[in-house]
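Visitor: Have a look; sequence and predicted model below, questions after that.
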Amino acid sequence: MLDETDRRILELLQTDGRMSNAELARRVDMAPSAVFERVKRLEQKKVIRSYGAHVDPRVLERSLLAFVLVRTDEHAGSISTGEALASEPEVLEVHHVAGQDSYLVKVRVKDPEALGRLLRERFGAISTVRSTQSTIALETLKETWALPVPASDRRERVHG
């Protein structure tokens with residue numbers, strides 16, 4: 001699947017998605033053309049899904065971060081409510097979860113009033129939403145998209 005070079009490329013690109021191909025090649029000690037081909041292969045296999053900028057939410061007046069548990073009346077196996085929740089611009093993540101609630105939704109809005117409007121006017125307009133419960137984050141200590149890239153397991157297994 002992924003060799004050590006692929007893993008190193010993933011680590012570097014998660015740290016700086018705008019790193020030039022030449023710099024990436026220097027860091028993994030390979031020819032730029034070989035690194036370019038590896039990155040293209042990782043993109044084609046959807047290992048690398050996309051590239052983007054991390055924007056300060058305060059600059060866009062979206063400083064309030066909330067996590068909303070959404071309980072629904074939708075039938076088992078249906079995710080139409082989740083798709084409707086995901087279509088809202090303030091919604092950053094929608095997770096279909098196990099337990100009493102159906103979805104865990106991460107939202108960013110301007111202030112508590114904006115959160116209230118989002119919940120009442122838009123989440124509440126979805127016919128299958130039965131209730132919501134919100135938790136407001138007071139401070140964010142870590143927020144990242146970067147995944148840890150473990151080294152491959154090269155140890156030989158001893159058979160007994």
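Guide: Sure thing, it's come through. Because the structure is a prediction, the values reported are computed rather than measured.
Visitor: Could you find the closest non-adjacent residue to the residue nearest the centre of the chain?
Guide: Centroid-nearest residue in the chain: Trp145, 5.6 Å away (criterion: C-alpha atoms, centre = their mean). Of all residues not flanking Trp145 in the chain, Gln14 sits nearest, at 7.5 Å (C-beta to C-beta, 6 or more residues apart in numbering). Every residue, glycine included, has its C-beta placed from N, CA and C.
Visitor: pLDDT below threshold where in the chain?
Guide: Segments of the chain classed as low confidence (criterion: pLDDT under 70) are 153-160.
Visitor: thinking again about what came up before, so the residue nearest to the centre of the chain belongs to a strand, correct?
Guide: No. Assigned with DSSP: H, G, I helix; E, B strand; the rest coil, Trp145 falls outside any strand and is coil.
Visitor: distance of it from Glu113?
Guide: Going from Trp145 to Glu113 by C-beta to C-beta, to the nearest Å gives 29 Å.
Visitor: Kindly report the same for Leu104.
Guide: 23 Å.
Visitor: Same question for Ser127.
Guide: 25 Å.
Visitor: in this protein, which spans are strands?
Guide: 64-72, 91-96, 103-109, 129-136 (DSSP state E).
Visitor: Pull the residues that contact the longest one.
Guide: Judged by C-beta atoms under 8 Å, 6 or more residues apart in numbering, the contacts made with strand 64-72 from elsewhere in the structure are 57, 81, 85, 100-112, 114-115, 119, 123, 128-137, 140.
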